[in-house]
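Chemist: pasted the sequence and its predicted model underneath.
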Amino acid sequence: MVSSAQGPSAQGPSAQGQPALPLAGIVVVALEQAVAVPFATRQLADLGARVIKVERPGTGDFARGYDRSVLGQASYFVWLNRGKESVELDVKTAGGQAALAALLDRADVFVQNLAPGAAERLGLGAAELRARHPRLICCSVSGYGPDGPYHHKKAYDLLVQCEAGLLSVTGTPDEPCKAGISVADIAAGMYAYSGILTALYERERTGRGSSVEVAMLEALGEWMSQPYYYNVYGGQDARRTGARHASISPYGPYLDGQVFLGLQNDREWAVLCERVLGRPDLITDERFSTHEQLAANAGDARAILKEAFESAPLSEWRERLEAFEGQWAVAQDSLELTKDVQVEANGHLGETTTADGTPFTLVTTPVQFAGTPSAPKRAPEFNEHRDEVLASAGYSTDSILELAVEGVVA
């Protein structure tokens, strides 16, 4: 039998005596898969929320099978699901729906990215849930939103990048190129995360929950606003300029892509010309006298800088650029990033273990609160927390075994 519902209790200081993380005591139930929603809920878990990941029977989140590169685990899954609790639950059965309802009785947030219309068919639409739980925050992430001719379509990151116009500005003049990371998913996940935080704040003032809707197309479309404004109101066609910027100069690669400049104003151009290049005459050159003129004559500026940078080896330019007040970088790959002295100084890498105790290094959350350090946590094994999760929803040991016999859980 299921016991009577009890709300989540606020958590005090950790066992190590550290102050509780900001979202301690918040309970999130996530019917999630792939990237967008798992990315949002992982942010919440990093800040102390209890995130219960409800996974489909048999296989769980299909992101578990994307690869096996992290000691037998999928790199996507390790990245997106640390610090969560996993429970397998067949929500298409009466028993599964009852178990999910018991979890939602105790939850602060419900978030899902099921196929279009699936949540409503399961009785998990935001309006229906909030009628039963007025304080519940319901967040839905979809590809294209709840209405319109595309609302029924399943969304994949590359396709949304295409439809949002990202490929029109990414790549070379000869060939478009998608972003190398799941940028549409990440954009939607970040807006879901910030929307949930905003709803939690609003609930503190009003006592009422909210319904939050995020569409991948709209999230990435927001990130495409600057090219839109520049092209529509500036009378410019969308341009693909490789690693260079389409409207700011000098902003791109030199020395065969080993050095990148990122200048954004007249002062930085003057410092580059005088202190790094030893060419103060370029400051008063009419072609480069203002930032707009620089952009209009970007080809001339690139030719001059290319010739200058080829006159000395990278080591010499690094020494000169170290004293440069503007923006520059040496291109690195992902492995070099993890060995970067600044990443190390910031403590942006941590150690955790797999379920069997094998240690490995992970990238920690970029959001840190002074006085409340968070210990890196691992991603859960499939259905690892079945008993703990269902017990917290009021199920006895015998009731959990009954659910297993019925095939609701494994």
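Modeler: Now that the structure is in, tell me what you want to look at. Numbers count the residues shown, from 1 in each chain.

Chemist: contacts for stretch 168-182, please.
Modeler: Stretch 168-182 has contacts (C-beta atoms under 8 Å, 6 or more residues apart in numbering) with 35, 157-158, 161, 166-167, 224, 227, 238-242, 246. From N, CA and C alone the C-beta is placed, and that goes for glycine too.

Chemist: let me see the mean pLDDT of the longest helix along the chain.
Modeler: Assignment by DSSP state H gives helix 183-206 as the longest helix of the chain. When pLDDT is averaged over helix 183-206, the result is 97.

Chemist: and for stretch 145-163?
Modeler: Rounded mean pLDDT across stretch 145-163 is 89.

Chemist: over to stretch 348-361?
Modeler: pLDDT averaged over stretch 348-361 gives 84.

Chemist: cool, and stretch 277-291?
Modeler: 88.

Chemist: so which bits of it are buried?
Modeler: Buried residues in stretch 277-291, counted by 16 or more other C-beta atoms under 10 Å: 277, 282, 285, 288, 291.

Chemist: please flag which of these sit within helices.
Modeler: Mapping the buried residues of stretch 277-291 onto helices (DSSP H) picks out 282, 291.

Chemist: any idea which of the buried residues of stretch 277-291 is closest to Arg205?
Modeler: Among those, His291 lies closest to Arg205 (C-beta to C-beta), at 43.6 Å.

Chemist: just checking, what packs against the longest helix of the chain?
Modeler: If contacts are counted by 3 or more C-beta pairs under 8 Å, 6 or more residues apart in numbering; DSSP states H and E, helix 183-206 sits against helix 36-46, strand 109-112, strand 137-142, helix 157-163, strand 211-215, helix 216-223.

Chemist: after the shortest one, next one along is what?
Modeler: Heading C-terminal from strand 109-112, the first helix or strand you meet, by DSSP states H and E, is helix 118-121.

Chemist: that following helix - contacts with which helices or strands?
Modeler: Secondary elements touching helix 118-121 (3+ C-beta pairs under 8 Å, 6+ apart): none.

Chemist: and it, what's buried?
Modeler: Residues of helix 118-121 classed as buried: Ala119 (neighbour count, 16+ other C-beta under 10 Å).

Chemist: so Leu349 sits against Phe360, correct?
Modeler: No - between Leu349 and Phe360 there is no contact under C-beta atoms under 8 Å: 10.7 Å.

Chemist: could you report the neighbour count for Ala312?
Modeler: When counting by other C-beta atoms under 10 Å, one arrives at 12 neighbours for Ala312.
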